[in-house]
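J.: From the sequence below, what's the structure:
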Amino acid sequence: VNLNKTPHLTNLNEDDLLTGKLNYVLKDGETKIGKKMSNNNPDVALSGLSIAANHCVIKNSGGKILLTALDGAAETFHNGVNPKKGEEVELKHGDRLVLGSSYNYVFLVCLPGQNKQELFTMSPHDEVCKEVAAKQGELRQQGMSAEDIKKREDFEKKMKDAEAAKKKAEEEAKRALELKEQEFQKKMKEMEEKMNNEEKRRMQQEFEKQKNEAEAKAKAAMEKLEKEKREMERKERERTAADTELKLLDEKLMHVLPLVKEANMIAKEIGKNHALSTKLAVTITAAKKRKTEVVIPVSLNGNRLYDWDVEKLDNRIYIMRDFYEKWCETEDKASFTIDESEDPWWDPVEGGRMIGKAQLVLEALTMQLENEANVKIISNEGKPCGTLSVGVYPVSKDGGEIADEDLVEEPSQLLGTRMDVLIKVNKASGLPANLANDVTVKYNWYLDDAASATDAKDGASPDFAYQKKVTQDPVTQKFIDYLAKETLVFEVYGVDKSAVAAAGKSGGMFGL
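T.: Residues are numbered from 1 along each chain as shown. Predicted structure coming up:
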């Protein structure tokens, strides 16, 4: 078949070397696409959980190529959009056709007399998948929006204005000094014969004074302009970093969401009552930097058991697909069971799940002042989930008050001395009821490798009455910087007993 003269579908692949290697001719009449089964033999046979037996059909008639989504309408995407079941959509050269919940099959429509090779450059595999994810509401459209472009243009204009203002200030200062120099020389020449040496000396001093004042004024103006310029650059760096993080997050979501959807479809098909979801875990680091990660909570009958990271999901989805194929091949589905150790949905339910984090500012310690506060506990989803009463107190070597002669007036006087700090975790309140069991609080002080922890307490408002004295000897500049710039992060954990019970009942068996 001469593909240059025949309408056809050509594949796109993550590996560019495999792109364009599979071509499916769209013959006159109908080309049926779907899963090959004992009672179904489509023209284009595809496999996979989300591929229906009668997935869709493409009709080549009267010079038009028409797509009709059938039983696979929910998993058929034309240029990123779901066509309705039974609706005819005309296909044009370069249109993108994606089949499967995990974007299993990605095709380009190629029509006779058109340049096929340029399509591979215009529509690479990852961009086509992003198009689907964006139009299905799974991530925002990539690229710079009109607002982003305007922000960038405003920043560039401000930087140009700041540079021009700085240059103008430098030129004006230089001109002012030159004029003063000329004025001084002129006066000196006019009065040279009339003035004695003492008067000349005084005049020279006055000129130097005026010159120094003008230079100081010009220097202050330029330093101000330079500071404003650096501040604008800092804000732009932060904005760019935030945009970059969001783009990377979108790409990760685009990868994760179809896998979660596929895992849930497999579980439903085989009667497994586990469900995966996707959440964004927002954390603020000790250095007060915001960090967002994708986590995949795994639930059983509505009880959240544990959270997976993206890497674990990647590993488990392959095992799930393998078991699904085995399940399909098993005639007696009711007898199909799986050992807990081989169950891709199973993980041991850990003793405690993080409720959230609370942070306490340490800067007061640099002036030997205490800081006690009721701080908000923030969950990984960025929501308040309780309050934690904590504090840090500078104390003497024996744990008492610091003697007057040992008090300092500025942080630098602490260098080389010994500092003792009492850390207290008093109590918590307003904790979520489902996690208000065996509640513990953990934290890492300065360079500690191992975390310190309170005893476990029950209840939504547990009283910990915890305290521990830590010592830094000698105090270094690095330690002072730690106190001045970072926070002490308290992680609050609790046990969801209903999840533990649900996991214990599952036994790793399908259908439970």
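J.: Can I get stretch 471-485 in PDB? Just the C-alpha atoms.
T.: Taking C-alpha atoms only, stretch 471-485 is exported to PDB below (Å, rounded to 0.1, in the frame of the first residue of the first chain):
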ATOM      1  CA  THR A 471      22.700  22.000  74.000                       C
ATOM      2  CA  GLN A 472      24.800  23.700  71.400                       C
ATOM      3  CA  ASP A 473      28.400  24.000  72.500                       C
ATOM      4  CA  PRO A 474      30.100  26.000  71.100                       C
ATOM      5  CA  VAL A 475      27.600  28.300  69.400                       C
ATOM      6  CA  THR A 476      28.700  28.800  65.700                       C
ATOM      7  CA  GLN A 477      27.700  31.300  63.100                       C
ATOM      8  CA  LYS A 478      26.000  28.400  61.200                       C
ATOM      9  CA  PHE A 479      23.900  27.700  64.400                       C
ATOM     10  CA  ILE A 480      22.900  31.400  64.700                       C
ATOM     11  CA  ASP A 481      21.900  31.500  61.000                       C
ATOM     12  CA  TYR A 482      19.800  28.400  61.700                       C
ATOM     13  CA  LEU A 483      18.000  30.100  64.600                       C
ATOM     14  CA  ALA A 484      17.500  33.300  62.600                       C
ATOM     15  CA  LYS A 485      16.300  31.900  59.300                       C
END
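J.: what comes into contact with that stretch?
T.: Stretch 471-485 has contacts (Cβ atoms under 8 Å, 6 or more residues apart in numbering) with 287-288, 362-363, 365-366, 411-412, 414-421, 446. Where you see a C-beta, it was placed from the backbone N, CA and C, and this is true even at glycine.
J.: and it, what's its mean pLDDT?
T.: The average pLDDT for stretch 471-485 rounds to 95.
J.: swap in stretch 263-275?
T.: Averaged over stretch 263-275, pLDDT sits at 89.
J.: How far away from the center of its chain is that stretch?
T.: With Cα atoms, centre = their mean, to the nearest Å as the basis, stretch 263-275 stands 28 Å off its chain's centre.
J.: List the buried residues for it?
T.: 263-267, 270, 272-275 (16 or more other Cβ atoms under 10 Å).
J.: So which of these is the closest to S61?
T.: Among these, M265 lies closest to S61 (Cβ to Cβ), at 33.7 Å.
J.: Relative to M320, how far out is the closest one?
T.: 10 Å (Cβ to Cβ, to the nearest Å).
J.: likewise N301?
T.: Applying Cβ to Cβ to N301 and M320 gives a distance of 19 Å.
J.: can the buried residues of stretch 263-275 go into CSV with extra columns for distance to K59?
T.: What follows is the buried residues of stretch 263-275, written out as CSV (distance: Cβ to Cβ, whole Å):
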residue, distance to K59
A263, 34
N264, 33
M265, 28
I266, 32
A267, 36
I270, 35
K272, 38
N273, 41
H274, 40
A275, 38
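J.: Inside helices: which ones of these?
T.: The members of the buried residues of stretch 263-275 that map onto helices under DSSP state H are 263-267, 270.
J.: Not counting its neighbours along the chain, what's nearest P462?
T.: V439 (5.0 Å; Cβ to Cβ, 6 or more residues apart in numbering).
J.: For that neighbour, give me phi and psi.
T.: When quoted as degrees, to the nearest 10, the phi and psi of V439 stand at phi -70, psi 130.
J.: For it, list each beta-bridge partner.
T.: For V439, the beta-bridge partners under DSSP bridges are K457.
J.: repeat for L67
T.: I58, V89.
J.: The most centrally placed residue in the chain: what's it in contact with?
T.: For the chain, the residue nearest the mean C-alpha position is T292 (3.3 Å; Cα atoms, centre = their mean). Going by Cβ under 8 Å, 6+ apart, T292 touches 245, 249, 280-283.
J.: what about it, which SS state?
T.: Secondary structure, DSSP: H, G, I helix; E, B strand; the rest coil: T292 is strand.
J.: ditto for A334
T.: Under three-state DSSP, the three-state class of A334 is helix.
J.: can you map out the helices along this protein?
T.: With DSSP H as the criterion, the chain has helices at 117-122, 125-135, 146-191, 197-270, 310-329, 477-485, 497-506.
J.: Looking at those helices, which is nearest to G72?
T.: helix 197-270 (12.4 Å).
J.: For the closest one, name the packing helices and strands.
T.: Counting contacts by 3 or more Cβ pairs under 8 Å, 6 or more residues apart in numbering; DSSP states H and E, helix 197-270 is packed against helix 125-135, helix 146-191, strand 274-276, strand 290-300, helix 310-329.
J.: weakest of the ones you listed by average pLDDT?
T.: Ranked by mean pLDDT, the helices and strands packed on helix 197-270 bottom out at helix 146-191, which scores a mean of 66.
J.: residues in contact with T19?
T.: 11-13, 120, 125.
J.: next one: N374
T.: By Cβ under 8 Å, 6+ apart, the contact list for N374 reads 387-389.
J.: Against L360, how distant is it?
T.: 10 Å.
J.: again, but for R418
T.: From R418 to L360 the distance is 22 Å (Cβ to Cβ).
J.: Of these two, give the one with the bigger neighbour count.
T.: L360 (19 against 13; other Cβ atoms under 10 Å).
J.: Which parts of the stretch 1-150 of the chain are strands?
T.: Under the criterion DSSP state E, counting those that start in this stretch, strands of the stretch 1-150 of the chain are mapped to 8-11, 23-25, 29-35, 44-46, 56-61, 64-69, 76-78, 88-90, 96-99, 105-110.
J.: Using a markdown table, lay out the ones you listed together with mean pLDDT.
T.: Putting these into a markdown table (pLDDT from 0 to 100) gives the following:
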| stretch | mean pLDDT |
| --- | --- |
| strand 8-11 | 95 |
| strand 23-25 | 94 |
| strand 29-35 | 94 |
| strand 44-46 | 92 |
| strand 56-61 | 96 |
| strand 64-69 | 96 |
| strand 76-78 | 94 |
| strand 88-90 | 95 |
| strand 96-99 | 95 |
| strand 105-110 | 94 |
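J.: Next, format these as CSV and append mean neighbour count and distance to E325.
T.: Output for the strands of the stretch 1-150 of the chain, formatted as CSV (neighbours: other Cβ atoms under 10 Å; distance: least, Cβ to Cβ, whole Å):
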stretch, mean neighbour count, distance to E325
strand 8-11, 20, 22
strand 23-25, 15, 24
strand 29-35, 19, 13
strand 44-46, 18, 15
strand 56-61, 20, 23
strand 64-69, 19, 25
strand 76-78, 23, 23
strand 88-90, 14, 32
strand 96-99, 22, 19
strand 105-110, 22, 17
